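Enquirer: Okay, here's the prediction I keep looking at, along with the sequence it came from:
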Amino acid sequence: MIRPYRVTDKEHLLKIFNLNTPKCFDKKEIRDFEEYLTQNPETYLTFERDNNIVGGTGYYINKNDK
């Protein structure tokens, strides 16, 4: 199931992020990810399977682009 991000998802998503370092992400990027979840929660979606969080995705709209 794909659903809107909830603040309570953050801990699980950070664990998943860490599982993907250093293969997919640099450890320094976790701060950026945390900041993104805090500042843009309405643009993030959480993926669940069997009521367990398994991942997520987000998007960013640059308001200066036309």
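Expert: Everything's here; your move.

Enquirer: List phi and psi for Ile2.
Expert: In terms of degrees, to the nearest 10, the main-chain angles of Ile2 are phi -110, psi 130.

Enquirer: and Asn51, backbone torsions?
Expert: Note on Asn51: its backbone torsions stand at phi 60, psi 20 [degrees, to the nearest 10].

Enquirer: Can you name the residues that contact the closest residue to Tyr36 other than its chain neighbours?
Expert: Distances taken as CB to CB, 6 or more residues apart in numbering put Gly58 closest to Tyr36, at 6.5 Å, once the chain neighbours are dropped. From N, CA and C alone the C-beta is placed, and that goes for glycine too. Going by CB atoms under 8 Å, 6 or more residues apart in numbering, Gly58 touches 5, 36, 40, 43-45.

Enquirer: Now list the buried members of those.
Expert: Taking 16 or more other CB atoms under 10 Å as the criterion, what is buried in these is 5, 44.
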